[in-house]
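K.L.:
predicted model follows, preceded by the sequence.
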Amino acid sequence: DCICVLRATMSPGLFAQIVGRGFRVHQDKTDCLVLDFGGNIKRHGPIDSENYGVTDKRQRIAGEAPVKSCPNCQTECLIGATECRECGFLFPREREANHDHQADDSQLLSEPETFLVESVRYAVHYKRKDPEAPPTLRVDYDCRKEGATGDLAVEIIPEWVCLEHVGFARRKAEQWWKTRSVLEPPDTIADACDLCRRGAVAAPRSIVAAKQGRFWRVLSADLDERPEEWASDVGEEDPFATEEMEVAF
């Protein structure tokens with residue numbers, strides 16, 4: 001739950017691999033502290049950004065090699081020389097730390113944003129490229145957010161609840177359900193979708209989400225009270241109707 005990076009790297013892939021060890025999920029872990037003493041976050045950007053690791057190509061300007069003076073004979077030697085080429089003076093080996101003395105305060109993950117939720121839609125979803133994968137409950141939040149100009153921007157933010165999965169995904173889905181409903185978590189997505197559409201789960205007034213590449217990740221929700229009553233049926237609406245799209249788990 002803590003990664004201390006005591007080196008700098010120009011490789012965004014290597015840095016992602018280093019901090020990725022702290023992103024491994026565990027039922028007893030809620031977060032991970034990353035202490036970056038090498039300025040890597042500032043160099044590569046937020047790790048969940050679509051532009052992570054993309055930097056401007058800078059042209060190297062050719063110039064004279066840096067030199068240092070020999071304290072014994074004043075001969076100019078290359079900066080990396082360990083011995084003077086004229087008098088044989090041995091330069092002291094001074095090993096400098098390749099990291100800063102204070103951790104960088106740059107943002108490792110994209111800055112979360114708060115959205116007002118106008119409506120919520122539920123559907124059973126099957127993964128497009130893996131028809132054998134268990135279905136998931138797809139939740140679409142129709143949101144509005146005040147922009148820089150004062151206008152309200154519309155955003156549809158999806159979330160997937162994996163009640164038919166096992167392990168960590170199932171435990172996370174159970175936690176999602178229990179914060180929204182007085183009922184026990186259902187075993188099938190079809191039952192969950194039916195109960196959601198009948199009003200058996202609390203609707204959020206607002207959500208907090210962060211952009212991770214092309215997708216949004218819902219971090220938290222400001223929920224209404226868990227309902228004590230709900231409709232007996234949802235009419236003619238097909239609980240299995242869902243649009244097809246690529247899902248990142």
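P.N.:
It's in.

K.L.:
any idea what sits nearest the residue nearest the centre of the chain, other than its immediate chain neighbours?
P.N.:
Nearest to the mean C-alpha position of the chain, by CA atoms, centre = their mean, lies residue 48 at 4.5 Å. The spatially closest residue to residue 48, leaving aside those adjacent along the chain, is residue 212, at 3.9 Å (CB to CB, 6 or more residues apart in numbering). Bear in mind the C-beta positions are built from the backbone N, C-alpha and C, glycine included.

K.L.:
same question, residue 155
P.N.:
residue 143 (4.7 Å).

K.L.:
helix or strand: which one has the residue nearest to the centre of the chain?
P.N.:
Under DSSP states H and E, no helix or strand contains residue 48.

K.L.:
hang on, the earlier thing: residues in contact with the host helix or strand of the residue nearest to residue 155: which ones?
P.N.:
Element membership of residue 143 [criterion: DSSP H and E] is strand 136-146. Here strand 136-146 makes contact (CB atoms under 8 Å, 6 or more residues apart in numbering) with 113-125, 127, 152-165, 173, 189, 192-193, 196, 204, 207, 218, 242, 247.

K.L.:
in helices, which of the residues you listed appear?
P.N.:
173, 189, 192, 193, 196 (DSSP state H).

K.L.:
which parts of the chain are strands?
P.N.:
2-5, 33-36, 67-69, 76-78, 113-125, 136-146, 152-161, 204-212, 215-223 (DSSP state E).

K.L.:
so which of those strands comes closest to residue 92?
P.N.:
strand 67-69 (11.6 Å; CB to CB).

K.L.:
and that closest one, which strands flank it?
P.N.:
strand 76-78 (antiparallel) (DSSP bridges).

K.L.:
give me phi/psi at the residue nearest to the centre of the chain?
P.N.:
Dihedral angles of residue 48 (phi, psi; degrees, to the nearest 10) stand at phi -100, psi 10.

K.L.:
what residues are up against it?
P.N.:
109, 110, 210, 211, 212, 213, 217.

K.L.:
cool, residue 122 as well?
P.N.:
Residues counted as contacts of residue 122 (CB under 8 Å, 6+ apart) are 137, 138, 139, 140, 193, 196, 197.

K.L.:
ok, residue 39 next?
P.N.:
By CB under 8 Å, 6+ apart, residue 39 lies in contact with 8, 100, 104.

K.L.:
inside helices: which ones of those residues?
P.N.:
Among the contacts of residue 39, no member lies in helices (by DSSP H).

K.L.:
where does this structure have low pLDDT?
P.N.:
55-65, 94-99, 146-153, 234-249 (pLDDT under 70).

K.L.:
give me that answer again for 90
P.N.:
1, 7-13, 23-31, 38-113, 127-132, 144-155, 168, 210-217, 231-249 (pLDDT under 90).

K.L.:
how many neighbours does the nearest residue to residue 177 once chain neighbours are set aside have?
P.N.:
Ranked by CB to CB, 6+ apart and with sequence neighbours excluded, the top spatial neighbour of residue 177 is residue 185, at 4.2 Å. Here the count is done by other CB atoms under 10 Å, and residue 185 has 16 residues near it.
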